[in-house]
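J.: What would the 3D arrangement of this be:
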Amino acid sequence: MGNAIDQVSGDRYAHIFLLYVDPEHRQRGIGSALVSRAENWARERGDRQIGLQVFVTNKPALNLYQKLGYQTHSLSMLKSLH
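T.: Predicted coordinates for the structure are as follows:
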């Protein structure tokens, strides 16, 4: 967990820096529970938003976050220089 600042509005919001569930323990609701706890922590602090980053290739995580109501807000692009 961490803090982030919206560069447009200046509002502080929570940011999930890393969420990982060991493959042996997936599909048991652990990821959802961890996100829920993070959201509750952010609400208790008075944050109005919570954000995270996820690789576009991480389909299980994308599905989880979308199921939990997260929406794509920005897009990061890379170019290989090799």
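J.: residues of stretch 26-33 that come out buried?
T.: Applying a neighbour-count criterion of 16 or more other Cβ atoms under 10 Å, one finds Gly31 buried in stretch 26-33. Backbone N, C-alpha and C define where each C-beta goes, glycine included.
J.: What average pLDDT does that stretch get?
T.: The pLDDT scores in stretch 26-33 average 96.
J.: Ok, stretch 56-63 next?
T.: Mean predicted confidence for stretch 56-63 is 95.
J.: Going by residue numbers, what spans are strands in the protein?
T.: Ranges of strands in the chain, per DSSP state E, are 2-5, 12-16, 50-52.
J.: which of the ones you listed has the lowest average pLDDT?
T.: strand 2-5 (a mean of 52).
J.: How about the contacts made by the residue sitting nearest the centre point of the chain?
T.: Note on the chain: the residue nearest the mean C-alpha position is Leu52, at 2.7 Å, using Cα atoms, centre = their mean. By Cβ atoms under 8 Å, 6 or more residues apart in numbering, the residues touching Leu52 are 15-17, 19, 65, 70.
J.: for Gly51, same thing?
T.: Counting by Cβ under 8 Å, 6+ apart, Gly51 has contacts 4, 13-16, 73.
J.: Report the buried members of these.
T.: For the contacts of Gly51, a burial check counting by 16+ other Cβ under 10 Å picks out 4, 13-16.
J.: Dump these to TSV, plus distance to Gly31.
T.: TSV is the format used below for the buried ones among the contacts of Gly51 (distance: Cβ to Cβ, whole Å):
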residue	distance to Gly31
Ala4	21
Tyr13	20
Ala14	17
His15	17
Ile16	11
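J.: helices and strands around the helix ranked longest in the chain, which ones?
T.: Ranked by residue count under DSSP state H, the longest helix found in the chain is helix 30-45. Packing partners of helix 30-45 (3 or more Cβ pairs under 8 Å, 6 or more residues apart in numbering; DSSP states H and E): strand 12-16, strand 50-52, helix 59-67.
J.: that older thread, could you export the contacts of Leu52 as TSV, including distance to Arg37?
T.: Listed next are those as TSV, based on distance: Cβ to Cβ, whole Å:
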residue	distance to Arg37
His15	15
Ile16	10
Phe17	14
Leu19	10
Tyr65	15
Tyr70	15
